[in-house]
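Enquirer: Return a 3D structure for these sequence lines:
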Amino acid sequence: MKKVFIKQTNCITPLGFDLVSNWNAIQNLETGISLQKQFGAFTNIYASCINNSEILENFQRIEKNTADFSRSEKLLISVLKPVIDLNGIESNTALVLSTTKGNITSLENNDLEKAYLHNLANKVAAYFNFKTEPIIISNACVSGVMALSVAKRMMQMQVYSNAYVVAVDEVSEFVVSGFNSFQAMSNEPCKPYDADRKGVNLGEAAAVAFLTTNNENTLVEIIGDANINDANHISGPSRTGEGLFLSIQSALSEAKISENEIDAISLHGTATLYNDEMEAIALNRLKMQNIPAQSMKGYFGHTLGTSGLLETVLLIESMLRSKLIVSKGYDKLGVTQPILITQEVEDKNIKYAL
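Expert: Numbers count the residues shown, from 1 in each chain. Next up is the predicted model:
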């Protein structure tokens, strides 16, 4: 079976328009989460939003005819451009797009066609002249890591020689309304795993990873992955962490390593009551509760279909720089099972990360 490596990454968030800016910001414990006094019909919500004028200014360096592109399209093209410029596109290079809602805001203008996810993917593919049909992964919050998994497996089957895995999601009134109906929104900056956590903040971002089977000048190897459905509820995880437990178990089996070889864990950590509790239970079932772990939601909010890819990109940077990422917002353990949440900047050699 061919090995699959990540050669280059990039990301755009409210904290910066490239990877280095974002890494430096989280090292300084900065956050993109701020009070949005008016957001459509909603008032005084905390969210992590990218400044519109900065998106436009950055995109104008790439494309003069900016009016033809939606906000999501501008973010996707902006995050992809420097990575494609360095690595190029071959006849069988894949484009895998991860997104939960894509151009959902186009519905506000009664533009149904633009809201279809395949139209978003096709527009980006055509802009860069990809020769293959884009693949779309839209499976809620796991979309970003599932996109990496799909690309990896397709490359191992030799369908593609390399792949650009890219993700984007925006904070929209539609999305805010959905999470508000779950009663999952926090009325302050989120606090993953903390005793005083009140819920999620939404966020927006774009991220990309370039995958290859050629090990020359690569960053990391993807050695195992899994996605196992707990069949519990459309929007709520199994209280025993069954899906996460089985997924980690299966990924470790493919990787041919044991749980005690993992050096660092990047958790989902939405700061909702059930997610954080479920993750703590799953880690304890796997005897991984003493491995340094963190959530990045305190920096970026929950970036929906981008979260898994964005957080993978920054986890890779953590590995390369041998530094653990502080879990912003965490103070006192608020889950029933013990887990080791990173509270201070710490140097650590990270060979294997989850």
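
Enquirer: Following element in sequence after whichever strand or helix holds Lys114, please.
Expert: Per DSSP states H and E: Lys114 is located in helix 112-115. Toward the C-terminus, helix 112-115 is succeeded by helix 117-128 as the next helix or strand (DSSP H and E).

Enquirer: hmm, who's touching that following helix?
Expert: Residues outside helix 117-128 that contact it (C-beta atoms under 8 Å, 6 or more residues apart in numbering): 69-70, 72-73, 76-77, 80, 84, 89, 95, 97, 99, 102-103, 113-114, 132-136, 138, 166. For glycine as for every other residue, the C-beta is placed from the backbone atoms N, C-alpha and C.

Enquirer: And stretch 213-228, end to end?
Expert: 25 Å (C-alpha to C-alpha, to the nearest Å).

Enquirer: averaged over its residues, what pLDDT does it have?
Expert: On average, the pLDDT along stretch 213-228 is 97.

Enquirer: Could you pull out the strands in this structure for me?
Expert: Remark: strands assigned in the chain by DSSP state E are 4-12, 33-39, 42-48, 93-98, 135-137, 162-169, 202-203, 205-212, 220-222, 265-266, 293-294, 323-324, 346-347.

Enquirer: how about the second one: buried residues?
Expert: Neighbour-count burial for strand 33-39, counted by 16 or more other C-beta atoms under 10 Å, picks out 33, 36, 39.

Enquirer: and it, C-alpha only, in CSV?
Expert: Extracted in CSV, the C-alpha atoms of strand 33-39 (Å, rounded to 0.1, in the frame of the first residue of the first chain):
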residue,chain,number,x,y,z
ILE,A,33,-13.7,35.4,18.7
SER,A,34,-15.4,38.7,19.3
LEU,A,35,-18.8,40.2,20.1
GLN,A,36,-21.0,40.6,17.0
LYS,A,37,-23.6,43.2,18.1
GLN,A,38,-25.9,42.6,15.1
PHE,A,39,-25.8,39.5,13.0
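
Enquirer: now it against strand 42-48, angle please.
Expert: Relative orientation of strand 33-39 versus strand 42-48 (axes from the mean of the first three to the mean of the last three C-alpha atoms, to 10 degrees): 150 degrees.

Enquirer: How about the fourth one?
Expert: Between strand 93-98 and strand 42-48, the angle comes out at 140 degrees (the same axes, to 10 degrees).

Enquirer: What pairs with strand 93-98, parallel or antiparallel?
Expert: The pairing partners recorded for strand 93-98 under DSSP bridges are strand 135-137 (parallel), strand 162-169 (parallel).

Enquirer: what's the most buried one of the ones you listed?
Expert: For these, the largest average neighbour count (mean count of other C-beta atoms under 10 Å) is found in strand 162-169, namely a mean of 29.

Enquirer: Between helix 117-128 and it, find me the angle.
Expert: Going by the same axes, to 10 degrees, strand 162-169 makes 130 degrees with helix 117-128.

Enquirer: and strand 162-169, how far from the chain's centre?
Expert: In terms of C-alpha atoms, centre = their mean, to the nearest Å, the centre of strand 162-169 is found 11 Å from the chain centre.

Enquirer: tell me the mean pLDDT for that strand?
Expert: Rounded mean pLDDT across strand 162-169 is 98.

Enquirer: circling back to that earlier point, columns distance to Asn10 and pLDDT on top of the buried residues of strand 33-39, output as TSV?
Expert: Listed next are the buried residues of strand 33-39 as TSV, based on distance: C-beta to C-beta, whole Å; pLDDT from 0 to 100:
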residue	distance to Asn10	pLDDT
Ile33	22	98
Gln36	26	94
Phe39	27	85
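
Enquirer: Between these, which sits nearest Asp263?
Expert: Ile33 (28.0 Å; C-beta to C-beta).

Enquirer: which residues does that closest one bridge with?
Expert: Bridge pairing for Ile33 - DSSP bridges - gives Ser48.

Enquirer: Contacts for the biggest helix by length in the chain next, please.
Expert: For the chain, the helix that runs over the most residues, judged by DSSP state H, is helix 71-87. Applying C-beta under 8 Å, 6+ apart, the external contacts of helix 71-87 come out as 7-12, 17-18, 50, 52, 55-56, 58-59, 62-63, 66, 69, 97, 99, 102-103, 105, 120, 123-124, 127-128, 162, 164, 166, 168-170, 205-208, 210, 212.

Enquirer: Repeat that for stretch 267-278.
Expert: 141, 184, 186, 190-194, 197-201, 236-241, 244, 279, 293-298, 302, 307, 327, 329, 334-337.

Enquirer: now, which of those lie within helices?
Expert: Per DSSP H, the contacts of stretch 267-278 map to helices at 244, 279, 297-298, 307.

Enquirer: picking up where we left off before, from the buried residues of strand 33-39, which is closest to Glu254?
Expert: Ile33 (35.3 Å).

Enquirer: In contact with that closest one, which residues?
Expert: Applying C-beta under 8 Å, 6+ apart, the residues contacting Ile33 are 46-48, 189-190, 201, 203, 298-301.

Enquirer: tally of neighbours for Phe182?
Expert: By the criterion of other C-beta atoms under 10 Å, Phe182 has 12 neighbours.

Enquirer: Can you go through the contacts of helix 117-128 and name the buried ones?
Expert: Buried among those (16+ other C-beta under 10 Å): 69-70, 72-73, 76-77, 80, 84, 89, 95, 97, 99, 102-103, 114, 132, 134-136, 138, 166.
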